[in-house]
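Colleague: Quick check, what structure comes out for this input:
(chains A and B)
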There are 2 protein chains.
Amino acid sequence: MKDNTHAVKIFIDTHLERYLDEVCELCAQPSVSAQNWGMTECGQLVEDLIRRHGGGAETYDTPRNPVVVGRFAGHSDRTLLLYNHYDVQPVEPLELWTNPPFEPTRRDGKIFGRGTKDDKGEWIARLAAIDALRAAYGGTLPCSVICVVEGDEEMSSPHIREFVRQHQALLGCEGAIWEGGDIGRDGYPIVPLGVRGILEVELSVRTLSHDAHSGNAHILPNAAWRLLWAVSALKGPDETVRIPGFYERVQTPSEQDLAYFTSLWEANPALAAQLKNLYDVRSFAGGRTGEDLLRSVFSPTCNIQGIGSGYQGSGSKTIVPSVATAKIDFRLVPGQDPEDIAEKLRSYLDRLGFRDVDMTVMGWMGPARTDPADPLVRIVTDTAAAIYGGSPALVPLIGGSSPGYAFADTLGIPVVTAGIGYWDNRPHAPNEHFRIEDFIQGTRHLAAILDAFSRS
Amino acid sequence: MKDNTHAVKIFIDTHLERYLDEVCELCAQPSVSAQNWGMTECGQLVEDLIRRHGGGAETYDTPRNPVVVGRFAGHSDRTLLLYNHYDVQPVEPLELWTNPPFEPTRRDGKIFGRGTKDDKGEWIARLAAIDALRAAYGGTLPCSVICVVEGDEEMSSPHIREFVRQHQALLGCEGAIWEGGDIGRDGYPIVPLGVRGILEVELSVRTLSHDAHSGNAHILPNAAWRLLWAVSALKGPDETVRIPGFYERVQTPSEQDLAYFTSLWEANPALAAQLKNLYDVRSFAGGRTGEDLLRSVFSPTCNIQGIGSGYQGSGSKTIVPSVATAKIDFRLVPGQDPEDIAEKLRSYLDRLGFRDVDMTVMGWMGPARTDPADPLVRIVTDTAAAIYGGSPALVPLIGGSSPGYAFADTLGIPVVTAGIGYWDNRPHAPNEHFRIEDFIQGTRHLAAILDAFSRS
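Modeller: Below you'll find the predicted structure:
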């Protein structure tokens, strides 16, 4: 059996600058789905890039942003699907960026810019892996590859489930590699076997037709107060969510899950200190300590993404604000259903008398888990061991969410992750970046996964 | 005794355009003290205007914005002090203004723009009254007038008490007319006999060095939640402030105060409906109804001016916010002491475990009351009856605050109000304006007050 590891390595080392240039080209194109900024242009650039790398590209409209599908033909009848997204998170607060977020900049062996890690850099690394493996095989890939690159992931992929359902035949495959992955502080990949679901809602209330002088505060209802009372009814400082029935369907971690957590904890006893240092945290939410920092990923969350009302400039403004808005996300664990939670939230607010508080569901995704015994899990971990020189850590469930549930359920395939990240890429935050060394290793890993998958 | 009412009226009617032009000139000069925007330029323009109208002008530095003092000499040894301010409130939200806030615009018999009512239009009306009365007397006023025009009123006049103390001799007078006044829906002036004090604080908390991905919400402390829990401990939906000792020194209204409220209520039985209509309010704060809408001005308030944390743009952003800030004002009633309340607030937060929530006192003013039996009250009400053709309403206490306490206490003088406002000038809000007819009447009233005061 041909070992292509060396050939792939040489290819990546030789052509690295081309791929880093393409990362910068793609990241220089704004594509903030939440603000509908640059989406069409970015979708077209993704299509161009697929063609530039020898793939067939097709763009499919959805009620929001188009999905771009790339196809790279291979020798065998095996097909691996690679999922990525071309939209990025908003860039505010701008003043905390060292370089402008859409002017990707190389500094200290890293590339900084919005989308570098999440998810444009990840996707370019995959094109590099495809090119490298194809070259090693003399021009044709050993298996077929389908690239699905969507434009609404940062908006919770509201239409991906429908898209997958409608294009089931087109997307036929035996497994999928999800949008990206990270290595831990030990230098070995972390392989998540599950993601939490998410429900994102906006709560808003108007109490007055316009802001009023605060000398009237004894009689005019204040929108900020009204919203605060509603939101503070959702969760107290003990971090327990107070929506009746919220925990009803929560699946607790299995013995095997707990064993994975224990081995993760033992592998990195300094984790708590590292997290405290990374975020300058005095104490963790709900007073969590020790192994519970890992296990508590099985606790669903109620998180305020943002809240705003009234005057927020410098100094003061003596007004009674007329409008207030809060954005809240709930990370849901296996067993919970986002639509069910949305209903429970609305009826809880109603029961408390907050019918005047409007609720808009901004998006949702279901939770998903992959069976640790699936062969694709073995492929990803074995190849990781070869490339990174050590065993990857299996994580029963991670804190984030992904539209993976839509592919896993509809196509009946295993979904596993691999990528170019590390523990401090700052996705969604100012100064998002990746390390170039991780880009190289992630590319090699993906090429090895494709190679092993084609033989499995 | 010479009746100058007619001569003053002719003068105002003849010279109206000059004064409206000066209102626009002064309002076109931004002067947002909270944002330190245009303050020096506006102070200079005030000085120029005093000189333009024949007064002597002097500018006094304070630790923040200068106080401009104008002096207009008169025949008698009586001196009336006119207090105004040249600073204005911030103009946000800009999109709710029909014309740009610093481009004063005449429309439908009104002048729109930030500061038109509060307080630049009020002050120009006073210059007009001085000119008119001086003309009626053939060139010299019947009493001396001191204009005090400060630049920090919208920031709670942090230095005015010290300024008055330091310049007590310079400010010698027998009474003061405060920054402005309003007429009610019956067309007759409302004469407040007291103002509430105010304490303005900013509460802010940082829980993380930077915003984090909300997939970490089960372990990373959220600044928005932290602030919400702290702020929601201050007041519940019943509108009762929960800071221990907050109500300790509150003076309840006297029998006479309650009688004034009853007569105000009887004079305008449609008040509740009018307020509901003006602000499109479903129900009043704390469920107040009837005469309590007036009497409850004796209830101190805890009002959120604004609150902000995390992502507030369109769509969503899945972050755990690192910083959150709220601005809160407390309107305090006679008997309460702003410095005492600030201490009680801080120690309450500490006792609840919110030592991590920083508190900054942005400003404060004491409450103040004027004796209804004072001769200046009679002068203002008698002249109002003559100009407006009906008896003004005496109000024991109004909801707003003013640095009047600093003048009343230090100089030992009565402080009464008169001005150009009506019930919907929208001070502090978008589309602030005054009605030109009110400007004319307010000017005539002030001239009549000066005239009567000089003879008293």
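Colleague: going forward, measure contacts between C-alpha atoms and count neighbours the same way
Modeller: OK.
Colleague: Now do the SS call for the residue of chain A positioned farthest from its centre.
Modeller: In chain A, the residue that sits farthest from the middle, by Cα atoms, centre = their mean, is residue A:215; the gap is 46.1 Å. Following DSSP: H, G, I helix; E, B strand; the rest coil, the label given to residue A:215 is helix.
Colleague: Confirm for me that it is in contact with residue B:400.
Modeller: Yes. Between residue A:215 and residue B:400 there is a contact under Cα atoms under 8 Å: 4.1 Å.
Colleague: Need the residues touching each of those two.
Modeller: residue B:331 (Cα atoms under 8 Å, 6 or more residues apart in numbering or on different chains).
Colleague: what distance separates the start and the end of stretch A:430-439?
Modeller: In stretch A:430-439, first residue to last residue: 20 Å (Cα to Cα, to the nearest Å).
Colleague: Kindly apply the preceding question to stretch A:211-229 instead.
Modeller: In stretch A:211-229, first residue to last residue: 19 Å (Cα to Cα).
Colleague: do the same with stretch A:418-429
Modeller: In stretch A:418-429, first residue to last residue: 21 Å (Cα to Cα).
Colleague: any idea of the mean pLDDT for that stretch?
Modeller: For stretch A:418-429, mean pLDDT rounds to 95.
Colleague: what does stretch A:218-234 give?
Modeller: Per-residue pLDDT over stretch A:218-234 has a mean of 98.
Colleague: swap in stretch A:15-27?
Modeller: Across stretch A:15-27, the average pLDDT comes to 98.
Colleague: Tell me which residue of the stretch 1-150 of chain A lies closest to chain B.
Modeller: Nearest residue of the stretch 1-150 of chain A to chain B: residue A:34, at 4.6 Å (Cα to the nearest Cα).
Colleague: Tell me how many other residues surround that residue.
Modeller: For residue A:34, the tally of surrounding residues (other Cα atoms under 10 Å in any protein chain shown) stands at 19.
Colleague: Report the secondary structure state of the spatially closest residue to it that is not a sequence neighbour.
Modeller: In this structure, residue A:34 finds its nearest non-sequential neighbour in residue B:315, 4.6 Å apart by Cα to Cα, 6 or more residues apart in numbering or on different chains. Put simply, residue B:315 is coil when judged by three-state DSSP.
Colleague: Could you count how many residues lie near residue B:315?
Modeller: 20.
Colleague: Against residue B:358, how distant is it?
Modeller: Residue B:315 is 30 Å from residue B:358, by Cα to Cα.
Colleague: what do you get for residue A:448?
Modeller: Separation of residue A:448 from residue B:358 (Cα to Cα) stands at 53 Å.
Colleague: When the two are compared, which one has more neighbours?
Modeller: residue A:448 (25 against 15).
Colleague: all helices for chain A, in order.
Modeller: In chain A, the segments counted as helices under DSSP state H are A:5-27, A:39-52, A:122-136, A:160-166, A:223-232, A:255-267, A:271-279, A:292-295, A:338-351, A:375-388, A:404-411, A:436-455.
Colleague: The stretch 351-456 of chain A against chain B: which residues are in contact?
Modeller: Contacts of the stretch 351-456 of chain A with chain B, taken as Cα under 8 Å from any Cα of the partner chain, map to A:362, A:398, A:399, A:400, A:401, A:426, A:427, A:428, A:429.
Colleague: try 6 Å this time
Modeller: A:399, A:400 (Cα under 6 Å from any Cα of the partner chain).
Colleague: Please apply the same query to chain A.
Modeller: So far as Cα under 6 Å from any Cα goes, chain A lies against chain B at A:34, A:208-209, A:211, A:215-216, A:218-221, A:279-281, A:284-285, A:301, A:305-312, A:314-315, A:319-320, A:399-400.
Colleague: Buried members of those residues into ChimeraX, please.
Modeller: Of those, the buried ones go into a single ChimeraX selection, burial set by 16 or more other Cα atoms under 10 Å in any protein chain shown:
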select /A:34,208,211,215,216,218,219,220,221,279,281,284,285,301,305,306,307,308,309,310,311,312,315,319,320,399,400
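Colleague: check contacts around the residue nearest to residue A:112 when sequence neighbours are not counted.
Modeller: Closest residue to residue A:112 apart from its sequence neighbours, by Cα to Cα, 6+ apart: residue A:433 at 4.1 Å. Neighbour list for residue A:433: A:111, A:112, A:113, A:116, A:117, A:425 [criterion: Cα atoms under 6 Å, 6 or more residues apart in numbering or on different chains].
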